[in-house]
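Enquirer: Sequence plus predicted model, see below.
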Amino acid sequence: MRLREYLHRIGVDGPCAPDLATLGRLHIGHRETFLFENLSIQTGGGVSVAPDDIERKFLDEGRGGYCFEHNTLFAAVLRDIGFTPAALLGRVRRGPPDRWCRTHMVLRVPIAGEAWLADVGFGGLGLLEPLPMRDGASAEQAGLHYRIRRDGQLWILSSSVYETRSGWLPDLRGSDPYVDLYEFSEDVQTPGDIEVANHFTSTHRDSVFRKSITIQRTTRLERTILRNDLLTRYRNGQVEERSLTPEERTIAAREIFGVELPAGPFVCDAESAAVAHF
């Protein structure tokens, strides 16, 4: 692991010990530095979860990725510092329950006898900081409230969001603030398990990452999500949504995220056209 380059990139200086303060600094630094995006898939390429490939993509090319890439890289960083992270797979709780499957990766990080949930790969509405894996634990992070609970063999992470056709949005309506985001169990996954889950998520025709193009960023000041032609910005307790033309989407990707979108067509466009033709 190119630890020194990684730490410089995320702006973390000074000694790094395997303690909670370091985990928090690394988690926030990673989230604020690297984009959540699926451009490799949408431009017809593949997604590798080999550590060398992820390092090259994130550190050399200035790119981002999705959960398997983010959390694989983050786990390698933690191990180099002296943590003992365990890779776990979860099910995102969207759509019919019989279609939920293990397409999300998180990390369990033990510190001084307590386990912490670390997840730097859940997009714009995900955790900014680690959360204790303690039944009923909750936290407010960058304008969203999170709660984790135990249900039998499962842990379930919820947040103050509500569901729309275009995805989850921060809930400012004052109703019951918690909607389940994802569930996971503590059976430790091998790199092979991660590779299989990544293959399905990046290649299966029903995967949301093939059906839509997205670029997302989370910081302590703002959560920004570009999904297809919709730009959502959450800042100062307000949610702003704006529909974009293809030209405006290209400009938004460049000016807000620093990403030059290729001309296309994207995988989601081709698959939508195939469905319409059928």
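Expert: The structure has been received and is ready for your questions.

Enquirer: Check the offset of the helix or strand containing Thr22 from the chain's centre.
Expert: Assigned by DSSP states H and E, Thr22 falls within helix 20-33. Taking CA atoms, centre = their mean, to the nearest Å, one finds helix 20-33 lying 14 Å from the centre of the chain it belongs to.

Enquirer: what are the C-alpha coordinates of that helix, in PDB please?
Expert: Taking C-alpha atoms only, helix 20-33 is exported to PDB below (Å, rounded to 0.1, in the frame of the first residue of the first chain):
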ATOM      1  CA  LEU A  20     -10.400   5.900  17.200                       C
ATOM      2  CA  ALA A  21      -9.000   9.400  16.500                       C
ATOM      3  CA  THR A  22      -7.000   8.200  13.600                       C
ATOM      4  CA  LEU A  23      -9.900   6.100  12.200                       C
ATOM      5  CA  GLY A  24     -12.100   9.200  12.300                       C
ATOM      6  CA  ARG A  25      -9.500  11.400  10.600                       C
ATOM      7  CA  LEU A  26      -8.900   8.900   7.800                       C
ATOM      8  CA  HIS A  27     -12.600   8.300   7.300                       C
ATOM      9  CA  ILE A  28     -13.400  12.000   6.900                       C
ATOM     10  CA  GLY A  29     -10.300  12.600   4.800                       C
ATOM     11  CA  HIS A  30     -11.200   9.800   2.400                       C
ATOM     12  CA  ARG A  31     -14.800  10.800   2.100                       C
ATOM     13  CA  GLU A  32     -14.000  14.400   1.300                       C
ATOM     14  CA  THR A  33     -11.200  13.600  -1.200                       C
END
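
Enquirer: outside of it, which residues touch it?
Expert: Outside helix 20-33, the residues within contact range by CB atoms under 8 Å, 6 or more residues apart in numbering are 9-12, 16, 70, 74, 77-78, 81, 83, 109, 111-112, 116, 118, 120, 126-130, 217-220. For every residue, glycine as well, the C-beta is placed using N, CA and C.
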